[in-house]
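Engineer: I need the structure of the sequence given here:
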Amino acid sequence: MMFRRTAKTSIVTAHATRGGFLLRALAVTGSVCVWTMSPGLAHAEERMAVIPTQTIYPGEIIEASRLEEVEVTNPALTGDYATSTEQVTGKVTSRTLLAGRVILMSGLRDPYTVERGKAVRIVFTNGPLTITAGGSPLENAAVGDLIRVRNTDSGVIVSGTVMKDGTIHVVAK
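Structural biologist: Alright, predicted model coming up:
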């Protein structure tokens, strides 16, 4: 086994406030007492990994409800695997993610902002001058990608950068 499922709540901290009875009982066993006094040390070397709870197919957007964080118990497990659900939530997978297997970051990408063939707005700005036109992307792209776009009015192909709002900003040559 490469990982272990862990509980989200700590029973010791929940009962520690009940008159100190549990703390006195734990003082008898030294190893447990050390753990309760310094829980940070027990978790210092703990490595976490993210696994899907069900199969996720290529092209699907990953939702947090379909993920689980588990403790890694195999010291040989290395690589660029996801260590928190925040890293993978909202990403799109390019591979099939099997339930119970670690998620490699190399198999994930940001969702596309513009898709090939769908109408976009091309924007050219030079000082106070701004020109806009309709365009059709020749490829899929995420925010910040440099792509080629065909101007639907003139048929000219230009290159530009995809912005957050889905427009494509072109620059003068």
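
Engineer: ok, then the element right after the longest strand seen in the chain?
Structural biologist: Counting residues, the longest strand found in the chain (DSSP state E) is strand 129-137. Per DSSP states H and E, the first helix or strand lying C-terminal to strand 129-137 is strand 146-151.

Engineer: how about the strands in this protein?
Structural biologist: Using DSSP E, strands in the chain cover 3-4, 47-52, 67-72, 92-93, 108-109, 120-126, 129-137, 146-151, 157-162, 168-170.

Engineer: ok, and for the longest strand of the chain, which residues are buried?
Structural biologist: Within strand 129-137, the residues scored as buried using 16 or more other C-beta atoms under 10 Å are 133, 135-137. Just so you know, the C-beta spots here come from the backbone N, C-alpha and C atoms, and that holds for glycine as well.

Engineer: before we move on, what about stretch 59-71?
Structural biologist: Those would be 62, 66-70, for stretch 59-71 by 16+ other C-beta under 10 Å.

Engineer: Let me know the closest of these to residue 47.
Structural biologist: For these, the minimum distance to residue 47 (C-beta to C-beta) is 9.9 Å, reached by residue 70.

Engineer: correct me, but the closest one touches residue 48?
Structural biologist: Yes: between residue 70 and residue 48 there is a contact under C-beta atoms under 8 Å: 6.9 Å.

Engineer: if I look at the residue nearest in space to the middle of the chain, how far off is residue 67?
Structural biologist: Among the residues of the chain, the one closest to the centroid is residue 88, at 2.0 Å (C-alpha atoms, centre = their mean). Counting by C-beta to C-beta, to the nearest Å, the gap from residue 88 to residue 67 is 7 Å.

Engineer: for the residue nearest to the centre of the chain, what are its contacts?
Structural biologist: Under the criterion of C-beta atoms under 8 Å, 6 or more residues apart in numbering, the neighbours of residue 88 are 50, 62, 67, 82, 103, 105, 108.

Engineer: Residue 158: which of those is nearest?
Structural biologist: residue 108 (29.9 Å).
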